[in-house]
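Q: Okay, structure incoming, though there's no sequence with it:
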(Lines give C-alpha, C1' and ligand atoms only; values in the text may rest on other atoms or scores of the structure.)
Protein backbone atom coordinates (compact mmCIF):
# COMPACT_ATOMS: atom_id res chain seq x y z
CA UNK A 1 0.00 0.00 0.00
CA UNK A 2 3.01 2.25 -0.53
CA UNK A 3 2.43 5.04 -3.04
CA UNK A 4 4.45 7.94 -4.39
CA UNK A 5 6.67 8.92 -7.26
CA UNK A 6 5.70 7.10 -10.39
CA UNK A 7 5.55 3.67 -8.80
CA UNK A 8 7.38 0.46 -9.57
CA UNK A 9 8.44 0.16 -13.21
CA UNK A 10 7.96 -3.59 -13.15
CA UNK A 11 4.36 -3.16 -12.08
CA UNK A 12 3.65 -0.24 -14.40
CA UNK A 13 3.15 2.24 -11.55
CA UNK A 14 1.43 2.04 -8.22
CA UNK A 15 -2.16 1.48 -7.21
CA UNK A 16 -3.09 5.17 -7.42
CA UNK A 17 -1.60 5.75 -10.86
CA UNK A 18 -3.13 2.49 -12.12
CA UNK A 19 -6.64 3.35 -10.87
CA UNK A 20 -6.50 6.85 -12.34
CA UNK A 21 -5.20 5.59 -15.69
CA UNK A 22 -7.84 2.86 -15.92
CA UNK A 23 -10.62 5.29 -14.98
CA UNK A 24 -9.48 7.86 -17.54
CA UNK A 25 -9.36 5.11 -20.18
CA UNK A 26 -12.99 4.26 -19.41
CA UNK A 27 -12.17 0.81 -18.08
CA UNK A 28 -14.42 -0.91 -15.57
CA UNK A 29 -13.16 -0.51 -12.03
CA UNK A 30 -13.71 -3.36 -9.61
CA UNK A 31 -11.80 -2.91 -6.36
CA UNK A 32 -11.54 -5.11 -3.29
CA UNK A 33 -13.57 -3.82 -0.36
CA UNK A 34 -12.96 -6.46 2.29
CA UNK A 35 -9.20 -6.22 2.71
CA UNK A 36 -7.86 -3.55 5.07
CA UNK A 37 -4.46 -1.87 4.80
CA UNK A 38 -2.64 1.31 5.76
CA UNK A 39 -1.88 3.51 2.71
CA UNK A 40 1.55 5.08 3.04
CA UNK A 41 3.02 7.96 1.05
CA UNK A 42 6.65 7.09 0.25
CA UNK A 43 8.06 10.55 1.09
CA UNK A 44 6.33 10.53 4.50
CA UNK A 45 7.71 7.07 5.25
CA UNK A 46 11.19 8.05 4.06
CA UNK A 47 11.31 11.14 6.28
CA UNK A 48 10.18 9.11 9.28
CA UNK A 49 12.71 6.36 8.60
CA UNK A 50 15.55 8.87 8.35
CA UNK A 51 14.55 10.30 11.73
CA UNK A 52 14.34 6.84 13.30
CA UNK A 53 17.73 5.83 11.90
CA UNK A 54 19.33 9.09 13.05
CA UNK A 55 17.97 8.42 16.54
CA UNK A 56 19.53 4.95 16.54
CA UNK A 57 16.22 3.15 16.85
CA UNK A 58 16.43 -0.62 16.48
CA UNK A 59 13.87 -3.37 16.27
CA UNK A 60 10.62 -3.52 14.40
CA UNK A 61 8.85 -0.21 13.82
CA UNK A 62 5.79 -0.04 11.59
CA UNK A 63 5.89 3.29 9.75
CA UNK A 64 2.72 4.24 7.88
CA UNK A 65 0.39 7.17 7.44
CA UNK A 66 -2.42 7.27 9.99
CA UNK A 67 -5.62 5.35 9.53
CA UNK A 68 -6.63 2.10 7.87
CA UNK A 69 -8.99 1.70 4.92
CA UNK A 70 -9.96 -0.81 2.26
CA UNK A 71 -8.55 -0.73 -1.26
CA UNK A 72 -12.00 0.34 -2.49
CA UNK A 73 -12.12 3.31 -0.09
CA UNK A 74 -8.60 4.28 -1.12
CA UNK A 75 -9.48 4.10 -4.84
CA UNK A 76 -12.68 6.13 -4.40
CA UNK A 77 -10.77 8.85 -2.57
CA UNK A 78 -8.05 8.98 -5.25
CA UNK A 79 -10.66 9.34 -7.99
CA UNK A 80 -12.49 12.08 -6.10
CA UNK A 81 -9.29 14.01 -5.41
CA UNK A 82 -8.29 13.79 -9.07
CA UNK A 83 -11.73 14.94 -10.18
CA UNK A 84 -12.25 11.77 -12.19
CA UNK A 85 -15.88 10.71 -12.46
CA UNK A 86 -15.84 6.95 -12.85
CA UNK A 87 -18.03 4.10 -11.74
CA UNK A 88 -16.28 1.86 -9.25
CA UNK A 89 -17.66 -1.42 -7.96
CA UNK A 90 -16.72 -2.82 -4.55
CA UNK A 91 -15.95 -6.54 -4.73
CA UNK A 92 -14.75 -9.20 -2.28
CA UNK A 93 -11.14 -10.42 -2.39
CA UNK A 94 -12.48 -13.74 -3.62
CA UNK A 95 -13.22 -12.00 -6.95
CA UNK A 96 -9.44 -11.80 -7.51
CA UNK A 97 -8.05 -15.20 -6.54
CA UNK A 98 -4.26 -15.35 -6.23
CA UNK A 99 -1.76 -18.02 -5.28
CA UNK A 100 -0.41 -15.73 -2.59
CA UNK A 101 -2.34 -15.93 0.67
CA UNK A 102 -3.03 -12.44 1.98
CA UNK A 103 -4.57 -11.44 5.31
CA UNK A 104 -7.95 -9.69 5.40
CA UNK A 105 -6.37 -7.04 7.61
CA UNK A 106 -2.80 -5.94 6.91
CA UNK A 107 -3.22 -2.50 8.49
CA UNK A 108 -0.12 -1.69 10.52
CA UNK A 109 -0.06 -0.82 14.20
CA UNK A 110 2.01 2.37 14.21
CA UNK A 111 1.86 2.96 17.98
CA UNK A 112 5.61 2.48 18.46
CA UNK A 113 6.49 4.73 15.53
CA UNK A 114 4.20 7.46 16.85
CA UNK A 115 5.81 7.25 20.28
CA UNK A 116 9.34 7.38 18.86
CA UNK A 117 8.54 10.18 16.42
CA UNK A 118 6.61 12.31 18.88
CA UNK A 119 3.30 11.72 17.15
CA UNK A 120 1.71 9.79 14.30
CA UNK A 121 2.34 10.44 10.64
CA UNK A 122 -0.38 12.51 9.00
CA UNK A 123 -3.60 10.81 7.87
CA UNK A 124 -3.41 8.88 4.60
CA UNK A 125 -6.16 11.08 3.15
CA UNK A 126 -4.01 14.19 3.51
CA UNK A 127 -0.96 12.45 2.07
CA UNK A 128 -3.01 11.13 -0.85
CA UNK A 129 -4.34 14.62 -1.56
CA UNK A 130 -0.78 15.93 -1.82
CA UNK A 131 0.22 13.07 -4.11
CA UNK A 132 -2.78 13.49 -6.41
CA UNK A 133 -2.16 17.25 -6.54
CA UNK A 134 1.40 16.53 -7.66
CA UNK A 135 0.24 13.96 -10.24
CA UNK A 136 -2.35 16.31 -11.70
CA UNK A 137 -0.07 19.33 -11.78
CA UNK A 138 -1.91 21.25 -9.07
CA UNK A 139 1.23 21.24 -6.93
CA UNK A 140 4.98 20.95 -7.34
CA UNK A 141 6.70 17.90 -8.75
CA UNK A 142 5.81 14.36 -7.78
CA UNK A 143 7.92 13.21 -4.85
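A: That came through fine. Since this is a predicted model, take the numbers as computed values, not measurements.

Q: where do the strands sit along the chain?
A: 2-3, 29-32, 36-37, 40-41, 69-70, 88-91 (DSSP state E).

Q: what's the offset of the second one from the middle of its chain?
A: Between the centre of strand 29-32 and the centre of its host chain there is 15 Å, according to C-alpha atoms, centre = their mean, to the nearest Å.

Q: circling back to that earlier point, highest average neighbour count across the strands of the chain?
A: By mean neighbour count, with neighbours taken as mean count of other C-beta atoms under 10 Å, strand 40-41 ranks first of the strands of the chain at a mean of 24. In short, each C-beta sits where N, CA and C put it, glycine included.

Q: Show me what that strand packs onto, helices and strands only.
A: Contact here means 3 or more C-beta pairs under 8 Å, 6 or more residues apart in numbering; DSSP states H and E; on that basis strand 40-41 packs against strand 2-3, helix 124-135.

Q: Can you name the residues in contact with that strand?
A: 1-4, 63-65, 121, 124, 127-128, 130-131 (C-beta atoms under 8 Å, 6 or more residues apart in numbering).

Q: need the residues you listed in JSON lines with pLDDT and distance to residue 115, can you?
A: Listed next are the contacts of strand 40-41 as JSON lines, based on pLDDT from 0 to 100; distance: C-beta to C-beta, whole Å:
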{"residue": "1", "pLDDT": "89", "distance to residue 115": "22"}
{"residue": "2", "pLDDT": "93", "distance to residue 115": "22"}
{"residue": "3", "pLDDT": "94", "distance to residue 115": "25"}
{"residue": "4", "pLDDT": "91", "distance to residue 115": "24"}
{"residue": "63", "pLDDT": "98", "distance to residue 115": "12"}
{"residue": "64", "pLDDT": "98", "distance to residue 115": "14"}
{"residue": "65", "pLDDT": "98", "distance to residue 115": "16"}
{"residue": "121", "pLDDT": "98", "distance to residue 115": "13"}
{"residue": "124", "pLDDT": "98", "distance to residue 115": "19"}
{"residue": "127", "pLDDT": "98", "distance to residue 115": "20"}
{"residue": "128", "pLDDT": "98", "distance to residue 115": "25"}
{"residue": "130", "pLDDT": "97", "distance to residue 115": "25"}
{"residue": "131", "pLDDT": "96", "distance to residue 115": "26"}
